[in-house]
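1. next one to model:
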Amino acid sequence: MAYTTSELAALSGVTARTLRYYDRIGLLTPPLAANGYRQYGQAEVNRLQLILTYRALGFALAEIQALLTRPPAEQAAMLAKQRKRLLAERRQLDRQLQALDVTLANRKGGVAMADPEKFEALKRQRLQENDAAYGQEVETRYGKTAKATADARYAGLTEAQYQAMTGAEGQLKAALLRYLAAPVLPSAAAKQAYTAHRTWLLATTPNLTGQTHRALAAMYTDDPRFTAYYTKLTGDARAARALRQIIEHYTREPEAN
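-> Take a look at the predicted model:
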């Protein structure tokens, strides 16, 4: 059976405008009937069903277009990869909902949140925020295993270790502000900023090397999200570049390695 654009739109629940757009980008291109109108046959109906299925699974149109040209085995591999991504998103949503439920209960007075619970909820929140903002970049540069290890170390921090890490962040801010007021290398303020930043990283990366430290510093200027973080931390747009220069200077000194 053949369908016109409006008939297939009614059958599938997709708007006629969407079908015409799919045709325009080459995603779903029906043959033309003798009257010049689009005519969707069984092959196009089956393809549309796949397109809608993949859209429901979270694939972008460009990904679907590529997916439909792949052999079945490659399609299966891409679907498996998408399943892993969706599971990771679901786990993150589950953690967010759990933290939200505990916080709501605490606010309403129904359940008193003990200090350890508050601390664990805070760590989960920070992990989720960091993953949303920087997770993909870190994973791309260092791999899933390295990122997962660092996340696990962060999640396993004791309250004392977490406070020490937070304190190091505060020391870094203060030292960076002193350095930016008089940006000279080497200097006491620069060395203090380097030491505070290294202490901060060591909480989750105990095997930190000079090379890894420099690679992280490179992201601070290469990726605007990291640049924005240090700008917000200090109120100075020069902060990310200054910190990178400091790290590159001190990681190349023998006593810093």
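2. Thr5: how many residues sit nearby?
-> Using other CB atoms under 10 Å, Thr5 has 20 neighbouring residues. From N, CA and C alone the C-beta is placed, and that goes for glycine too.
3. and the contacts of stretch 19-36?
-> Contacts to stretch 19-36, defined as CB atoms under 8 Å, 6 or more residues apart in numbering, come from residues 2, 5, 8-9, 38-41, 44, 47-48, 51, 61, 64-65, 68.
4. widest-spaced pair of these?
-> Maximum pairwise distance among those (CB to CB): 24.6 Å, between Ala2 and Leu61.
5. show me where pLDDT drops low in the stretch 1-150 of the chain?
-> Within the stretch 1-150 of the chain, the stretches with pLDDT under 70 are 99, 102-103, 105-130, 132-135, 137-138, 141-142, 146.
6. quick one: which of the contacts of stretch 19-36 has the most company?
-> Within these, most neighbours by other CB under 10 Å means Tyr40, with 24 neighbours.
7. burial count for the spatially closest residue to Gln39 that is not a sequence neighbour?
-> Computed as CB to CB, 6 or more residues apart in numbering, the closest residue to Gln39 that is not its neighbour in sequence is Ala33, at 4.2 Å. By the criterion of other CB under 10 Å, Ala33 has 11 neighbours.
8. for Thr69, same thing?
-> 8.
9. for it, what are its contacts?
-> Here Thr69 is in contact with no residue (CB under 8 Å, 6+ apart).
10. repeat that for Glu7.
-> Tyr40.
11. at 10 Å what do you get?
-> Met1, Ala16, Gln39, Tyr40 (CB atoms under 10 Å, 6 or more residues apart in numbering).
12. nearest to Arg90, of these?
-> Looking across the contacts of Glu7 and measuring by CB to CB, the closest to Arg90 is Ala16, at 34.0 Å.
13. how is the chain divided into domains?
-> Using automatic domain parsing, the domain ranges for the chain come out as 5-67, 72-145, 157-256.
14. and the helices in the protein, which stretches?
-> Taking DSSP state H to define them, one finds helices in the chain at 5-12, 16-24, 42-56, 61-67, 72-108, 115-142, 144-155, 159-181, 188-202, 210-222, 224-234, 239-250.
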